[in-house]
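Novice: Have a look; sequence and predicted model below, questions after that.
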Amino acid sequence: MDLFTHVIFAYLLSFVIWGPAAPQYIAAGALAGGLPDADILLFPLTRWFPSLHHRGIVHTVLGVTVIAAVGSFVVPYLPYFTHASTLLYFVAMEIGGLSHLVLDGFTNYAVTPLRPFSKIALRLDADLAVNLVTIVLTAGTLVVLVFEHGRVAFNVWVETAWVLVAVYGGYLVLRGVARWRAGIAGRRAGYADVLPSASPWSWLLVDEEDAPDRYRIRFRDLVLGGSADGGEQRMQVAKLPTAPGPVDSPQAALDRTYLAALAASRWLARSYHFGEATERGDVYDVAWYMIGAGGARRAFGVRGEIDRRTGAITLHTGFRRRRPERAST
């Protein structure tokens, strides 16, 4: 989720827990809801301390607890905060920080909340990490809260907060139920995983095998309450080292460029990916890209060409549209 969505969600959750009579704890919870994403400022240190990378140790129960413990002593001295119970400030910030982990786990990006004690990942795959729907919802919420500040009666603010809680809660319930239904449909069709899209009704069913000598993937679009879009796509490639020599088919072009493409993009290597190869004169155009079910169907990946006679490979990273009708198998 984006930073502002984390803050708004933690704010509304804190409102439900503490009620309108304790604004200092609501504000502390909202602040803690966004603090884990401050780890992006630590990127200069990740060369020496890898655990400080984004969604690293700060995105864990241990990291959140340390932040809450320090914050419970610091926050009361910040502007607009009142001196109150240190313990309750700690509880408010702990809940706000944990809500950040839950929201990140709710999306298609996993977090490992129990590190360094366990590498078990929390990943529900119910929503996209950056989704236009949630961004618009968050922006609307911010506009309403800023507009009402100092302009409306206290009871109007309370009623608005409850309406926003219902809207956010309803959206998360909708995404969760849709993910559950998509998972059932995927298992019935023999797929191991389900990927979300911007729409709660559109999903991608995926089945992957990543063996030492080959990579295999199949996937298809799923529309809840409707039918599959475009049928199933399949691909299997051999993991061949880069070598000179003629390339005589699109499949050979994919086999020969696979490992080079993964080396060119660590993001591609860490995700479900798919390849296409088409003949163009003396070369094969190749494209390896991360598959997903985004509304624009644009995906990050690696593009380039391989010379049909010499096997020379030229690759670069970039975006492309996923075009199922051209998929190579």
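Specialist: Done, it's in.

Novice: pLDDT below threshold where in the stretch 51-200 of the chain?
Specialist: 51-55 (pLDDT under 70).

Novice: For it, which segments are assigned as strands?
Specialist: Using DSSP state E, counting those that start in this stretch, the strands of the stretch 51-200 of the chain run over residues 193-196.

Novice: the helices in it, which residues?
Specialist: Under the criterion DSSP state H, counting those that start in this stretch, helices of the stretch 51-200 of the chain are mapped to 61-74, 86-106, 132-148, 154-188.

Novice: of all those helices, which lies closest to residue 300?
Specialist: Residue 300 sits nearest to helix 132-148 of all the helices of the stretch 51-200 of the chain, at 17.2 Å, using Cβ to Cβ. Yep, even glycine has a C-beta here, placed from its N, CA and C like the rest.

Novice: In contact with residue 61, which residues?
Specialist: Neighbouring residues of residue 61 by Cβ atoms under 8 Å, 6 or more residues apart in numbering: 98, 101, 113, 114.

Novice: oh, I was asking about residue 315
Specialist: With contact taken as Cβ under 8 Å, 6+ apart, residue 315 is in contact with 257, 260, 261, 264, 286, 302, 303, 304.

Novice: For it, list each beta-bridge partner.
Specialist: When bridges are called by DSSP bridges, residue 315 pairs up with residue 304.

Novice: Looking at the helices of the stretch 51-200 of the chain, spot the one closest to residue 195.
Specialist: Across these, residue 195 has its closest neighbour in helix 154-188 (9.0 Å, Cβ to Cβ).

Novice: ok now the closest one, how far from the chain's centre?
Specialist: Using Cα atoms, centre = their mean, to the nearest Å, the mean C-alpha position of helix 154-188 is found 18 Å from that of the whole chain.

Novice: Show me what that helix is packed against.
Specialist: For helix 154-188, the elements it packs on are helix 3-18, helix 86-106, helix 132-148, strand 193-196, strand 202-210, strand 214-223, judged by 3 or more Cβ pairs under 8 Å, 6 or more residues apart in numbering; DSSP states H and E.

Novice: Pull out the buried positions in it.
Specialist: 157, 160-161, 164-165, 168, 172, 175, 178-179, 181-183, 185-186 (16 or more other Cβ atoms under 10 Å).

Novice: Over to stretch 108-123?
Specialist: 108, 109, 110, 111, 112, 113, 115.

Novice: Please apply the same query to stretch 29-38.
Specialist: Within stretch 29-38, the residues that count as buried by 16+ other Cβ under 10 Å are 29, 30, 31, 32, 33, 34, 35, 36, 37.

Novice: Also stretch 281-293?
Specialist: Neighbour-count burial for stretch 281-293 flags 283, 284, 285, 286, 287, 288, 289, 290, 291, 292, 293 (criterion: 16+ other Cβ under 10 Å).

Novice: Make TSV from those residues and add distance to residue 119, pLDDT and secondary structure to it.
Specialist: What follows is the buried residues of stretch 281-293, written out as TSV (distance: Cβ to Cβ, whole Å; pLDDT from 0 to 100; DSSP: H, G, I helix; E, B strand; the rest coil):
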residue	distance to residue 119	pLDDT	secondary structure
283	42	95	strand
284	39	96	strand
285	39	95	strand
286	34	95	strand
287	32	93	strand
288	27	94	strand
289	27	91	strand
290	23	89	strand
291	25	86	coil
292	24	72	coil
293	27	46	coil
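
Novice: Appreciated, that's everything.
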